[in-house]
Structures are given as structure tokens and as C-alpha cells.
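Student: Sequence and computational prediction follow.
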Number of protein chains: 2
Amino acid sequence: MFYPEESFAGANAEYFKVFPEAQAGLPLPPAKHYAIVTCMDARIDAFKAFGLSPGDAHVIRNAGGSARDAIRSLVISQQMLGTNAIYLVKHTKCGMATFENKDIHRAIAENLGVGAKHIDFLPFSDVEKAVKEDIAFLKGHELVHPRVKSHISGWIYDVDTGKVKRIV
Amino acid sequence: MFYPEESFAGANAEYFKVFPEAQAGLPLPPAKHYAIVTCMDARIDAFKAFGLSPGDAHVIRNAGGSARDAIRSLVISQQMLGTNAIYLVKHTKCGMATFENKDIHRAIAENLGVGAKHIDFLPFSDVEKAVKEDIAFLKGHELVHPRVKSHISGWIYDVDTGKVKRIV
């Protein structure tokens, strides 16, 4: 398979040619003063799905939409850029529910010849439970600002309907 | 300030009401077999800026678009979901260039009464240098699949023009 870097630049060219003038010079701190944490899943177009315009909110994405993995970014978001709320959004049919740590440890050993058993890849089997655990983690974390703790909510996004459901 | 969770659901309602039927049932593995790592910055609409459609690519976002911070997600992306390339995209006017570790350590001590000097928040002053360091980090990492290492590129996105520039 061939990965032409030109086509990445080419896809971007379609965008910058019509880049709205009003979008130049937007301020650094998010206008809506919140951060979204969600999964890296390819099916989630975060701006469209969560009604964002450029400049609105921090968008933190990682495998599983893990709060634990996002804590560095959230602290910067709150301490340096003034956000006051967190929306944590996991989703249906997540890849993180398709394997356990032992499976990825085995894959790494077989494919790369490397031992990685010390790494917790943070998989989960029950997405609703995972949302609740992440919200509890954030509300109990000493580095999450007290002003934010009453504005943390947990959601599940349905990748087949585009609809969010509030869990916490 | 008031953060109505209803308005998050409300913004999403505008989306799911017009959710395209063709988007239901998209497969889990990214159709374009690559992952993008970029910053959480509110001004970056990753799907539009990088020409993505739902299902195309993993989108990993954190403060600064840090490769180091993204490694867990990248390993899952490569080992469990078959991606073969990484586009790392930092950007102009990044918040990570506006402070040093000592500044955020001081803010945390003052605002939260907590010592956090053991945490490296991964700020940087020179974005081009930071891109180069991250690409070197990925190419040298034992958990990055060898098939991916020849398909890693580093870019800077201009938040005022929407244009990407290739660095590495």
C-alpha cells in the first residue's frame, strides 16, 4: 500500500482554499470554556456530532476516550486556558471492548518481539461502567479544579445513529 | 456561569436528526488505515481541515499534539485496528508555547494547593523543533510497528489560514 503525503496536503488544500476569513485570528482560549474527551474512533466527527464551531472547545481524543489518559491535557486546559467543564463521551461498538490487555500484550510480543506486559492499555468490556468509572476518577482527582467538578458529565455516543445519551 | 448539559444534547440533536443513513454500520477499522495525532486546540476542526469522512482515520488529540502522550492509542491503532501510517500535526500559535513547566507547577500549587513538580506537561517553545523531536521519538520507538515507520510524517497547521506545511 502507498501513502502519498501529497494527498494529505491535497485534502487540506480543499479546506484552506475556502477557509473563512472570520476564522483567522480566533483567540486561543476556548469560547465555550469547556473540554470534550472522546475516543479516537474514526466514525466520530466531533465538531459535527457535538455542534462545535472553530474556537469553541478543547477536543481531547484517545483510544477509548479515557479520562486517565487525558489528565495532562485537562489540567493544561483548566489551569492555562480557563475551561470550566468536561464532557466525557464514550461510544457504542468501541474497539476497546474487543480485546483485553493479555491480547494486545500477546500481539506486541508476536509482531514486535517486545515485552509490554507492564503497560495497561485501558480496555473495557462495559462501556456504561467505563463512563461511570471515568467520571468518578475525574471528580476524585486532586488535579481537576474544584470549579470544574460540578460540571463534569458522562455520555455514550451511538455510532449508528449519531445520538448521545447521558449516563452521569 | 451555567453549563446546561441539555444544550450539549441539544447541539447533538441537530446532528442526529440529519444523520446520514449511509453512516450507520460503518466498520470499526479506519478505511484509510492511518492515524492523525494533533492538538486539542479549539480552532482545529480535524475532519474538515484534513479532509476526513466518518470512518476514515483515527483522530488522536491532546495538549500540543504530543506523540509521547499518544503512544498507547497509536499502539492500539496499529496492533488491533491495522493502521499503517501516522500524520503528526502541530500548529501555529499553540498554547503549549505560552508557558513552561515551572509556570503550570506554580499555578497548580496556587490554585489547588497541590505539588505537581514531578509531572512533565510537555510544553515546547519551538513548534518546528517539537515536530522533529516527536517524529524522531516515533521512528525510534520499539512499540511503533516497523511497517509504519516509513509512513510517518510531521506537519504544522496554520490556525489563521487553515493550511498545513510539511516539516518532516
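Tutor: Happy to help now that I have it.

Student: Show me what the worst-scoring helix or strand of chain A on mean pLDDT is packed up against.
Tutor: One helix or strand of chain A scores below all others by mean pLDDT, DSSP states H and E: helix A:5-16, with a mean of 91. Taking 3 or more CB pairs under 8 Å, 6 or more residues apart in numbering or on different chains; DSSP states H and E as contact, the helices and strands that helix A:5-16 lies on are helix B:46-49, strand B:152-157, strand B:164-166. Bear in mind the C-beta positions are built from the backbone N, C-alpha and C, glycine included.

Student: The residue of chain A positioned farthest from its centre and residue A:107, how far apart?
Tutor: Relative to the C-alpha centroid of chain A, counting by CA atoms, centre = their mean, residue A:113 is the outermost residue, at 29.7 Å. For residue A:113, the distance to residue A:107 (CB to CB, to the nearest Å) stands at 12 Å.

Student: Next, please give the residue ranges for the helices of chain A.
Tutor: A:5-16, A:46-49, A:71-81, A:101-112, A:127-139, A:146-149 (DSSP state H).

Student: Quick one: work out the angle between the fifth one and strand A:152-157.
Tutor: Yep, that's helix A:127-139 we're talking about. Relative orientation of helix A:127-139 versus strand A:152-157 (axes from the mean of the first three to the mean of the last three CA atoms, to 10 degrees): 160 degrees.

Student: Pull out the buried residues from helix A:127-139.
Tutor: Neighbour-count burial for helix A:127-139 flags A:127, A:130-131, A:133-135, A:138 (criterion: 16 or more other CB atoms under 10 Å in any protein chain shown).

Student: Next, format those as CSV and append pLDDT and distance to chain B.
Tutor: Listed next are the buried residues of helix A:127-139 as CSV, based on pLDDT from 0 to 100; distance: CB to the nearest CB, whole Å:
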residue, pLDDT, distance to chain B
A:127, 98, 14
A:130, 98, 15
A:131, 98, 14
A:133, 98, 17
A:134, 98, 15
A:135, 98, 12
A:138, 98, 14
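
Student: Any idea which of the helices of chain A gets closest to residue B:25?
Tutor: helix A:46-49 (16.6 Å; CB to CB).

Student: So which elements touch the closest one?
Tutor: Short answer (3+ CB pairs under 8 Å, 6+ apart): helix A:46-49 packs on strand A:57-62, helix B:5-16, helix B:46-49.

Student: In JSON lines, list the ones you listed along with mean neighbour count and distance to residue A:27.
Tutor: Listed next are these as JSON lines, based on neighbours: other CB atoms under 10 Å in any protein chain shown; distance: least, CB to CB, whole Å:
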{"stretch": "strand A:57-62", "mean neighbour count": "28", "distance to residue A:27": "13"}
{"stretch": "helix B:5-16", "mean neighbour count": "15", "distance to residue A:27": "21"}
{"stretch": "helix B:46-49", "mean neighbour count": "22", "distance to residue A:27": "18"}
